[in-house]
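> Quick check, what structure comes out for this input:
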Amino acid sequence: MPYCCQCGKQVQPADIFCAACGARQATAPPPSTDYLGSIHPRTASILCYIPIVGWIPAIVVLASSRFRNDRNVRFHAFQGLYLFVAWLIVDWVLGPVFGFPGFRFHLIPPIAGLLKAAVIGVWIYMMVTVSQERMVKLPIIGEMADRSVSEQR
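Residues are numbered from 1 along each chain as shown. As a prediction, the model looks like this:
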């Protein structure tokens, strides 16, 4: 049980003022609300490449103050977001076009399925290379991510 810092009377832990003398009590600092404070930059970069749902950690990383000045993590967050946009283009645009029964000939493989597998393969490849702390810039997406990071400064 704590005691008043002014008069020495017993006070409750949640009391801001002493009931006997009215002196303001020393309070503990508020708990830290930085949820990303203990996350390693490599882990944050890897999370940005989780297939299909990696856009969520990418947005969290870009919005956090923890990684505001970390160019490498921000690059991976942007590249993960742009890779997700590529997935959406394949899934929502090319999927219906090439998945239409009139376009499926015996000689043409299901192009949308192959493109989806390729995007998932790139996500997995990026997770592995980032975990090894290698910097890989994907062909068009990497240039866009690099430009986005440069514009942030």
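
> CA only for contacts and neighbour counts going forward, please
Fine.

> measure G121 to G22 for me?
66 Å (Cα to Cα, to the nearest Å).

> How is F67 assigned, secondary-structure-wise?
At F67 the chain is in coil, as set by DSSP: H, G, I helix; E, B strand; the rest coil.

> Verify the stated contact: it with V73.
Yes. Contact between F67 and V73 holds when scored by Cα atoms under 8 Å: they sit 6.8 Å apart.

> who has more neighbours, those two?
Using other Cα atoms under 10 Å, the more surrounded residue of F67 and V73 is V73, with 24 against 18.

> Give me the longest helix you can find in this structure.
helix 111-131 (DSSP state H).

> Please name every helix or strand in contact with it.
helix 41-47, helix 71-88, helix 95-99 (3 or more Cα pairs under 8 Å, 6 or more residues apart in numbering; DSSP states H and E).

> Would you mind identifying the next helix or strand past it?
Where DSSP states H and E defines the elements, the next helix or strand beyond helix 111-131 is helix 139-152.

> and that next one with helix 71-88, angle?
130 degrees (axes from the mean of the first three to the mean of the last three Cα atoms, to 10 degrees).

> circling back: could you list the buried residues of the longest helix of the chain?
111-112, 115-116, 119-120, 122-124, 126-127, 130 (16 or more other Cα atoms under 10 Å).

> Same check on stretch 3-10?
C4.

> which residues touch Y3?
Shown in contact with Y3 (Cα atoms under 8 Å, 6 or more residues apart in numbering): 9-11.

> hang on, C5 packs against G22?
No. The criterion here is Cα under 8 Å, and C5 misses it with G22 at 10.6 Å.

> Please consider this matter closed, and thank you.
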